[in-house]
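Undergrad: Prediction below, plus the sequence it came from.
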Amino acid sequence: MSTIAAIKTLVKDISILSNGLPPSIQQATKDDKIWSVMNTDQRDTVHETFNQRFDAMFGEDCRDSAGHLQYVRKGKLGMGLVCSYLSKCDWADGFPLDIVKIKLWRLFVELKYLQYVANLTSLHSFVLFLTCI
């Protein structure tokens, strides 16, 4: 069973990871999926709005041929916009927290992966540098 505290912690972790996206991730623009989805009209309930937005941006069908979420972008028009939205959600307002957790966890795992790959690449470059000196 998911709790509001657990959801808030996951949102905080997503924000931290989003702020540290590696240089290999594209800067968001108003032409990107995140901007267009986050600027659509609200649905009938806050949960329906959340559900529609997250399915459109980070659903299982939003994966590229390598299996990664293809719409992750950095900056205030990308993950900054998503994190701002998440921080304003009142999770006590009719959200089925178990479903919310699944959707947030999917994004969290992708962001963790992007950090891991960036760190691994940096470590690899550092090791190559050391072998050259």
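TA: Yes, it's here.
Undergrad: Mind picking out the helix or strand in the protein with the poorest mean pLDDT?
TA: Least confident helix or strand, the chain: helix 97-132 with a mean of 77, by mean pLDDT, DSSP states H and E.
Undergrad: gap between residue 35 and residue 21?
TA: In this structure, residue 35 and residue 21 are 16 Å apart, going by CB to CB, to the nearest Å. In short, each C-beta sits where N, CA and C put it, glycine included.
Undergrad: neighbour count winner among the two?
TA: Taking other CB atoms under 10 Å, residue 35 and residue 21 do not tie; residue 21 has more neighbours (20 against 15).
Undergrad: Correct me if wrong: the more buried one contacts residue 111.
TA: Yes. Counting by CB atoms under 8 Å, residue 111 is a contact partner of residue 21 at 7.4 Å.
Undergrad: Name the residues contacting each of those two.
TA: The contact sets of residue 21 and residue 111 overlap at 72, 79 (CB atoms under 8 Å, 6 or more residues apart in numbering).
Undergrad: ok, now how distant is residue 36 from residue 70?
TA: Separation of residue 36 from residue 70 (CB to CB): 14 Å.
Undergrad: residues contacting the residue positioned nearest the centre of the chain?
TA: Nearest to the mean C-alpha position of the chain, counting by CA atoms, centre = their mean, stands residue 107 at 4.3 Å. Counting by CB under 8 Å, 6+ apart, residue 107 makes contact with 14, 54, 58, 69, 72, 82.
Undergrad: Could you export those as TSV, including pLDDT?
TA: Shown next, in TSV, are the contacts of residue 107 (pLDDT from 0 to 100):
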residue	pLDDT
14	98
54	97
58	97
69	96
72	97
82	98
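Undergrad: From those, pick the one nearest residue 26.
TA: Nearest to residue 26 among the contacts of residue 107: residue 72, at 8.7 Å, using CB to CB.
Undergrad: pretty sure the closest one contacts residue 114?
TA: Yes. Contact status for residue 72 versus residue 114: in contact at 7.0 Å, counting by CB under 8 Å.
Undergrad: In terms of neighbours, single out the busier of those two.
TA: Set residue 72 next to residue 114 and count neighbours by other CB under 10 Å: residue 72 wins out with 24 against 21.
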